[in-house]
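J.: Could you work out the structure for the sequence below:
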Amino acid sequence: MSSTTPTSPSAIARPRSSRWSAPQPRSAAWAYLAARSRDASIYYYSAYEKTIYKKLAAKYPGVCRVGDVEALCAAPNVVDLYTDVVKKKTEWPCYDQSVKTLAQYLGFRWRHPNPSGAASIEWFHSWIWTRDPRLREDILAYNEDDNLATAVVVDAIRGMER
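T.: As a prediction, this is how the structure comes out:
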């Protein structure tokens, strides 16, 4: 999910950490996200993400519960950017409407030459076994770029409204 403050449309909430850490207890991690949903817009790209978050909540109930995910996604300023905006309210001269395609059309470039969610999962599985710091940096860069790309798409759509 991406998060932007109302006063700064392109600001993305990106926690910085020098190392991987275990998931925080619900009281810290989920409270932070829930609090952000009250003062910022939060974007996710397609119902698939919501489905995956619910599956993760069921698997890791110490982080959040499925009901927490449903409540967050039902908040008025939490937006499925693809389903609720891109698909219904915009047209693009592109072969598809993925966030990668639209962001690249708008001029955004990922740091990795072949970015994909599947590749990032592969990098993570490799990192688990090797602890190779280059893989960790690839994963962090990919995830950060995905959030920045979402912000580029959000900003472009906001520009269309003017």
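J.: how far away is residue 132 from residue 139?
T.: 10 Å (CB to CB, to the nearest Å). (Glycine included, C-beta is placed from N, CA and C.)
J.: ok, now residue 38?
T.: According to CB to CB, residue 38 and residue 139 sit 29 Å apart.
J.: who has more neighbours, these two?
T.: Neighbours were counted for residue 38 and for residue 139 using other CB atoms under 10 Å; residue 139 has more, 20 against 8.
J.: what residues are up against the more buried one?
T.: By CB atoms under 8 Å, 6 or more residues apart in numbering, the contact set of residue 139 is 120, 123, 124, 127.
J.: what domains does the record give for this protein?
T.: 1-10+24-89, 93-162 (automatic domain parsing).
J.: What average pLDDT does the last one get?
T.: Which is domain 93-162. Mean pLDDT, taken over the full extent of domain 93-162, equals 94.
J.: So the residue sitting furthest away from the middle of the chain versus residue 97, what's the distance?
T.: In the chain, residue 130 marks the outermost C-alpha relative to the chain mean, sitting 25.9 Å out by CA atoms, centre = their mean. Separation of residue 130 from residue 97 (CB to CB): 36 Å.
J.: go on, residue 116?
T.: Taking CB to CB, one finds residue 116 at 16 Å from residue 97.
J.: Give me the more crowded residue out of these two.
T.: residue 97 (17 against 12).
J.: Now the more buried one. Nearest residue, chain neighbours left out?
T.: residue 86 (5.2 Å; CB to CB, 6 or more residues apart in numbering).
J.: Tell me where the longest helix sits in this protein.
T.: For the chain, the helix with the greatest residue count under DSSP state H is helix 133-160.
J.: Give the next helix or strand downstream of the helix or strand harbouring residue 36.
T.: Element membership of residue 36, judged by DSSP states H and E, is helix 26-39. Remark: after helix 26-39, the chain's next helix or strand is strand 41-44, criterion DSSP H and E.
J.: And that following strand, what does it pack against?
T.: Contact here means 3 or more CB pairs under 8 Å, 6 or more residues apart in numbering; DSSP states H and E; on that basis strand 41-44 packs against strand 2-4, strand 78-80, helix 133-160.
J.: roughly how far apart are the residue nearest to residue 97 and residue 136?
T.: In terms of CB to CB, residue 86 sits 31 Å off from residue 136.
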